[in-house]
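# this is a predicted model, with the sequence first.
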Amino acid sequence: MICLRKTRGKMKRYSYRFGMILSVLLLIGTAGLASGQGLPVMKGKKVVATINGEPLTLDEFNRELTSLHKGRVEDKKPGKQDRLELLRRLINSRLIVQEAKRIGLDELREIQMMVDAFSKATLREELMERQVKDIKVDDKEVENFYKESVKEWKVSSLMFEKEEVATKMVKEVKAGRNFDDLSKQLVLEGAAKRGEEGQYLKVKEINPQIAKVASQMEVGSVSPVIPIKLGFVVLRLEDIRYPEDPEALNQARQEALKQKRVEALKSYNAALIKKYVKMHQEVLDRIDYESKAPGFEALLKDKRVVAEVKGENPITVGELTQHIKQQLYHGVESAIETKRLNSRKAPAFEEMLYRRVFRKEALRLGLDKTESYKNKVKEYENFLLFGAFVKKAIVPDVKLKEEELKTYYNEHKGEYTFPEMMKINSLVFAKRQDAEIAIEKLRKGTELQWLSINAEGQVDRNTPGLLTFDGKLLSTKDLPEGLQKVISGARAGDARLYASPEGYFYVLSIKEVLSSRPQPYEEVREIVSRKVFDDKVRNGIEDYADKLRAASDVKIYLKD
């Protein structure tokens, strides 16, 4: 049987919110928004505390509460101590940021460059969010995405080694020969192999070459010859169906909205380019990065103008070339040799235009004056300063001794152990009585293999949702909780009966047991070292912040 399915594959996304470092270094428990009743007001904002005269606003405090609480499943009502603990840690963090500024870390070139790059990107994002926030999708658009995502095809297919044989079959079907009769004949003759048939396949699971052809076919029609990696395929499209899938419907709505937003931003970008930019297309067209003359290095110094931007410096050939160079992680020469450089020209130029016009329009609209923009930039700068201070003032004093690593290991051996492992074989029954009969025979010496052939009432092993035990070594801690209790304390040769929540009865034959045991210190030393180091850094941060606090003017207004 041939397989029409394609294999599946698997961006990390990073957040630079200042509050996230607290969630790692200074994590607290469940928290909820503070009401702000009775708090003083400074510059129109309620204040929960001041640190050397600098206000910590209620909005900032609640943003951190929301950030830390996001993703938690607990529904525990937050208490006074939860909020006061977070407030203490926020004050300590603010003190460290103030100290970082006092010693001039905010004037470091690398910090300023990173903040500048972040602020420009954030300004563009603010404009994009403003443009797409009111975009909506109608049911028809969602339905189109939904049907494509859940669509399933039922096909009958044959695979051929020789293209001429496949071509001949297609011609004979077109001439009136019955597809099924011809398929049987070709399979019997060994001229073709029967493919998947009689089952519905999701479109996204099907080989892309085959899916491309099938998408243009009508139910009942026969395809032309489709070349694939393993040979040639001819198929008949038997049916199309659209199963109900609430999760897919929600994803389709999100995908439809995403596409509509992308299209809106493309149109907006084109309008801004028309508004602000005068193109010099002839200059852009003449740039040849893969030609020996004048050469890439010469183009880096080229002052010819590719585009004029109103009120700003123009984009030159040299700037475009430098932008492309920054994207070449494996070097210019390699890209030139493989003829991949000229293909980068258009997208790099479009990116430069987008950055220029979006930032220009955002500034025109005054988005750099908004609280949203200012908060994001401030939080990012604080994040950088906090990290730079820790690296400069805390980390150098952290020393690790072998003795303390071993002491930590000995005190936490339970965290560094190989889990209990077992080899288990099983039979599955629909009724408890049949399972009890089988387990009794097993305990009296009957071979499991004999029972698997002769015992009555067994469940088909292909039944969806069944647990699989095929004698391979597995970790008992990964098994369902009820099953863990059933096999607890089992030894090799034991037989146990497990009734699953799904209503199946498992006869378990324990073949081998490897008891849980500590991992050797040498194997986990690096992990232990990181843990002890992190603990020391965290304690160092707390100690330093406490010293700063003792010498600072800190006023707290949040009482409940």
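Good, I have the coordinates.

# which residues sit in contact with H412?
Counting by CB atoms under 8 Å, 6 or more residues apart in numbering, H412 makes contact with V528. Where C-beta positions appear, they are placed from N, C-alpha and C, glycine not excepted.

# ok, it to S516 distance?
Separation of H412 from S516 (CB to CB, to the nearest Å) stands at 15 Å.

# what about the strands in the stretch 1-150 of the chain?
Using DSSP state E, counting those that start in this stretch, the strands assigned to the stretch 1-150 of the chain run over residues 41-42, 45-51, 54-57.

# identify the residues contacting the first one?
Residues from elsewhere that reach strand 41-42, judged by CB under 8 Å, 6+ apart: 47, 50, 55, 57.

# S334: neighbour count?
By other CB atoms under 10 Å, the residues close to S334 number 12.

# ok, the one 5 residues further on next?
By the criterion of other CB under 10 Å, K339 has 10 neighbours.

# skipping adjacent residues, who's closest to it in space?
In space, and not counting its chain neighbours, K339 is closest to E290: 5.9 Å by CB to CB, 6 or more residues apart in numbering.

# what about the one you found, which SS state?
Here E290 is recorded as coil under DSSP: H, G, I helix; E, B strand; the rest coil.

# thought it was touching S343?
No - using CB atoms under 8 Å, E290 is not in contact with S343, being 9.6 Å away.

# could I get the strands of the stretch 1-150 of the chain as JSON lines with mean pLDDT, distance to E161 and mean neighbour count?
Below are the strands of the stretch 1-150 of the chain laid out as JSON lines (pLDDT from 0 to 100; distance: least, CB to CB, whole Å; neighbours: other CB atoms under 10 Å):
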{"stretch": "strand 41-42", "mean pLDDT": "89", "distance to E161": "81", "mean neighbour count": "12"}
{"stretch": "strand 45-51", "mean pLDDT": "93", "distance to E161": "75", "mean neighbour count": "21"}
{"stretch": "strand 54-57", "mean pLDDT": "93", "distance to E161": "73", "mean neighbour count": "19"}
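
# can I get those in CSV with distance to L320?
Formatted as CSV, those follow (distance: least, CB to CB, whole Å):
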stretch, distance to L320
strand 41-42, 48
strand 45-51, 44
strand 54-57, 43
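
# to G366, which of the ones you listed lies closest?
G366 lies closest, by CB to CB, to one member of the strands of the stretch 1-150 of the chain: strand 45-51, at 19.7 Å.

# name the helices or strands packed onto that closest one?
When contacts are defined as 3 or more CB pairs under 8 Å, 6 or more residues apart in numbering; DSSP states H and E, strand 45-51 packs onto strand 54-57, helix 58-69, helix 80-102, strand 554-556.

# which one of the ones you listed has the lowest average pLDDT?
Lowest mean pLDDT within the helices and strands packed on strand 45-51: helix 58-69, at a mean of 80.

# next, the buried residues of it.
Buried residues in helix 58-69, counted by 16 or more other CB atoms under 10 Å: 58, 60-65, 67-69.

# what is the burial count for K292?
Neighbour tally, K292, other CB under 10 Å: 8.
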